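[1] Quick check, what structure comes out for this input:
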Amino acid sequence: MKSCVKGLAAVCVLVVVSVLPLHAQQVTLTWTAGGAGGGWYSIAGGIAAIVKEADQEIVIKVVPGGGLQNPAVVASKGAEIGWGLPFLNAAAYKGMAPFEKPLDELRALAGGMSMNYFHFYVDAESPLNTMDEIFGQKKKARLAISQAGSSDTWVLERVLDSYKTSIPDLEKAGFTFLRGNYAFQANQFKDKNADGVFTFLAIPGAAVTEASVGRRLKLIDFSESALTHLEQFGITKGKIPAGTYEKAANTKDVVTAVAGSVITVHKDMSEELAYRLTKAFNDSYEKVRKVHSSMETYEIKDGPTGTGVPLHPGAIKYYKEKGMLK
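    Model (predicted):
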């Protein structure tokens, strides 16, 4: 009798093993996000929970990071997953400043998340109306911008590249650049120490709304030449809808440059794992939308866009299955 029980147990074990999926072994991954408590950090945590719910074998630990450091961390395999900005991803991939060498190991699972908009605004009564006047004709101005090395300033430098100029060149031409955080920029504008501001925010940007208190502003359209130049960095054309800022003088949509957040991985990640990850959060995109207000518009079709680096083959497989790629 005992031998029969033992035999039956052995058969049961074999049956259980035979029906388990081939990838049943738990995989633990690290996601380098943003500062603890910030938007990137909380969104990564929310997506990690959604992935775990969809695929029980994948566990993701979120750790603090940042837009400038994450590409190098992922490229060196210090973390399996990282948040990135398309333009910094592109700079890293090509070895452009501030990166010392090409980080061509980077691949993307999804872009087009948590969209942010570049805002370039001046006083509503200013005679300055276009980028061509300000940067092309070098009509001098005092501009409040972010600190050197920030993502905002990096994009401003690329805009200036499209006009064959630079911040040092403009300073020689009489421009003044006031550097600080978003609150500093708003205050400099309100206090009339700055003629305009160049900044990168989700809409409506609280700092832009604050800047308009006591001093009416107008948003300036990005020029087609600047937008065309920015495309190579995964920055796309977008619009700030009229009425976004109640006290702004604009009565029409403002043409601007837009960039979202990108989920990056190393090229050595297996195609199967990259596919499973991409599938897990995209198939649950309605839940992903609820993770953070900046994710409310995300759809699967946005995933292959604005990445700044090539898609991982596993992600490509998923988007082809969904008809998002040919």
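
[2] can you give me the strands for the protein?
    All strands of the chain, identified by DSSP state E, fall at 27-32, 58-63, 81-84, 106-123, 142-145, 176-179, 196-201, 217-219, 236-240, 254-266.

[3] which secondary structure elements does the first one contact?
    Contacts of strand 27-32 with other secondary structure elements, assessed using 3 or more C-beta pairs under 8 Å, 6 or more residues apart in numbering; DSSP states H and E, are made with strand 58-63, helix 70-75, strand 81-84. From N, CA and C alone the C-beta is placed, and that goes for glycine too.

[4] how about these in a markdown table, adding distance to residue 294, mean neighbour count and mean pLDDT?
    Shown next, in a markdown table, are the helices and strands packed on strand 27-32 (distance: least, C-beta to C-beta, whole Å; neighbours: other C-beta atoms under 10 Å; pLDDT from 0 to 100):
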| stretch | distance to residue 294 | mean neighbour count | mean pLDDT |
| --- | --- | --- | --- |
| strand 58-63 | 17 | 18 | 97 |
| helix 70-75 | 18 | 24 | 96 |
| strand 81-84 | 12 | 28 | 96 |
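
[5] so which of the strands of the chain comes closest to residue 70?
    Of all the strands of the chain, the one in closest proximity to residue 70, counting by C-beta to C-beta, is strand 81-84 (3.9 Å).

[6] chain center to the closest one: distance?
    Centroid separation for strand 81-84 versus its chain: 9 Å, with C-alpha atoms, centre = their mean, to the nearest Å.

[7] tell me the contacts of residue 38?
    When contacts are counted by C-beta atoms under 8 Å, 6 or more residues apart in numbering, residue 38 is found next to no other residue.

[8] For it, give its distance to residue 216.
    31 Å (C-beta to C-beta, to the nearest Å).

[9] just for the protein, where's the confidence low?
    For the chain, the stretches flagged by pLDDT under 70 are 1-24.

[10] picking up where we left off before, and of the strands of the chain, who's closest to residue 285?
    Taking C-beta to C-beta, strand 106-123 is the member of the strands of the chain nearest to residue 285, at 9.7 Å.

[11] Tell me the first helix or strand C-terminal of the closest one.
    helix 131 (DSSP states H and E).

[12] Which residues does that following helix contact?
    For helix 131, the surrounding residues in contact (C-beta under 8 Å, 6+ apart) are 120, 159, 163, 220, 221, 222, 223, 226.

[13] Please report the number of neighbouring residues for the fourth one.
    Pointing back at residue 220 there. 23 (other C-beta atoms under 10 Å).

[14] From residue 135, how far off is the nearest residue to it once chain neighbours are set aside?
    Leaving aside its chain neighbours, residue 220 sits nearest to residue 120 (4.7 Å; criterion: C-beta to C-beta, 6 or more residues apart in numbering). For residue 120, the distance to residue 135 (C-beta to C-beta) stands at 10 Å.

[15] follow-up on the earlier one: so the residue nearest to residue 220 versus residue 185, what's the distance?
    12 Å.
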